[in-house]
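Participant: Quick one, fold the following:
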Amino acid sequence: MRLGINVGYWQRDPEDATETVLAAERLGYDHVYTAEAYGSDAFTTLTWYAARTSRIKLGTAVAQMSARTPAATAMHALTLDALSGGRVTLGIGASGPQVVEGWYGVPFARPLERTREYVRILRDVWRRAEPVTSAGPHYPLPLPSSAYAPGRVTGLGKPLKSIVHPVRPDIPVYLGAEGPKNIALAAEIADGWLPLFVDPAKIETVFGASLAGRRAGFDIAATVTTIVTDDLAAALEFAKLPLAFYIGGMGARDRNFHLDLIARLGYAEEAARVQELFLAGRRDEAIRAVPDELADSISLLGPIGRIRERLQVWRDSPVTTLLIAGVKDEPTLKAIRDLVQP
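Facilitator: Just a heads-up that it's a prediction; the model follows:
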């Protein structure tokens, strides 16, 4: 099992994770991943860490598709990949309608179609076999005059090929996915899957059919909140915070993919209650309403001996990479490395 870290969103000083990233590199961790929502972006912080490291691989978990056209994302990835010596893994995701339409101001419809088209264009840009074209319908290249009202498109667009030769024409693409169809798409077209909240003991029963078509070498890189402490109760409370936020606040009342995921894991009634409390402004109650069993099952919590025992569930699962989230100090990163890769 490979081992990485996920430093998540950058929010403000002093949240510079450089020391953590450098420690992870010294300890032989495979990857550092960054994230974005509707504040900081994933690529700037990743470039910051790239400039300070030499070996650790650099991933986005995830860069939001609606934030950039496929060509723009391909340019970000190929530039950083070249500057870092071929270390980039591009994780992308469709996000949800609240963010896509409320923050980026573009339509959310048909996310599976959009993802397939997006990935195809990324790879065409990197391969440079010929000028990039796409019949659409979501990202047509060149842009046809019929795409907008008369007079808004010049009709002068022409197929272009990147003026930069990528270091690698096959930069790995991972998909952040939660629903069965989106996970099946990842297994079909991507190099890996980036699950956010996943119970390793339930991957086969809940998502086995979706993953059945994955190719050899397909990476399942799961982000795992990790808290090493003798106070298990405090660790559980901390692990519930992101669950309550995503179940309650990262999605519309009637369309929340995170809530749907938790329901698939067997906590439909509990998730509905968390959302109800969160949307009513009763956030402390929403956090307490997250079941202990749920928070524990998707995390690594407690004394180091307990984490050692819990790791067996992850080893027995289809997960191939653990992305440790929440650990900042080198001694704890070392202790976890020694457990995962003795």
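Participant: Every contact and neighbour count from this point should use C-alpha atoms.
Facilitator: Will do.
Participant: Show me which positions of stretch 280-293 end up buried.
Facilitator: 283, 286-287, 289-291 (16 or more other Cα atoms under 10 Å).
Participant: cool, and stretch 117-127?
Facilitator: 117-119, 121-127.
Participant: do the same with stretch 126-143
Facilitator: By neighbour count, and taking 16+ other Cα under 10 Å as the criterion, the buried residues in stretch 126-143 are 126-128, 132-134, 138-139, 141-143.
Participant: So which of those residues belong to helices?
Facilitator: Secondary structure from DSSP state H places 126-127 of the buried residues of stretch 126-143 in helices.
Participant: follow-up on the earlier one: format the buried residues of stretch 280-293 as a markdown table; extra columns: distance to residue 89.
Facilitator: As requested, the buried residues of stretch 280-293 are arranged in a markdown table below (distance: Cα to Cα, whole Å):
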| residue | distance to residue 89 |
| --- | --- |
| 283 | 35 |
| 286 | 35 |
| 287 | 33 |
| 289 | 36 |
| 290 | 32 |
| 291 | 34 |
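Participant: any chance of those residues in a markdown table, plus secondary structure?
Facilitator: As requested, these are exported to a markdown table (DSSP: H, G, I helix; E, B strand; the rest coil):
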| residue | secondary structure |
| --- | --- |
| 283 | helix |
| 286 | helix |
| 287 | helix |
| 289 | helix |
| 290 | coil |
| 291 | coil |
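Participant: Each with direction, which strands does the longest strand anywhere in the chain pair with?
Facilitator: As assigned by DSSP state E, the longest strand anywhere in the chain is strand 219-228. In the sheet, strand 219-228 lines up against strand 192-193 (parallel), strand 300-302 (parallel), strand 321-325 (parallel) (DSSP bridges).
Participant: contacts for that strand?
Facilitator: 5-6, 191-198, 235, 239, 298-304, 307, 318-327, 332 (Cα atoms under 8 Å, 6 or more residues apart in numbering).
Participant: now with 6 Å?
Facilitator: Contacts with strand 219-228, where a contact means Cα atoms under 6 Å, 6 or more residues apart in numbering, come from 192-196, 299-303, 319-326.
Participant: Of the residues you listed, select the buried ones using a PyMOL command.
Facilitator: A single PyMOL command is used to select the members of the contacts of strand 219-228 judged buried by 16+ other Cα under 10 Å:
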select buried, resi 192+193+194+195+196+299+300+301+302+319+320+321+322+323+324+325+326
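Participant: In this structure, mark out all the strands, start to finish.
Facilitator: Counting by DSSP E, the chain forms strands over residues 2-8, 31-34, 57-60, 63-64, 88-93, 173-175, 192-193, 219-228, 300-302, 321-325, given from the N-terminal end onward.
Participant: residues touching the spatially most central residue of the chain, list them.
Facilitator: Using Cα atoms, centre = their mean, the residue of the chain that lies closest to the mean C-alpha position is residue 61, 2.8 Å off. Residue 61 sits next to 33-35, 91 when contact means Cα under 6 Å, 6+ apart.
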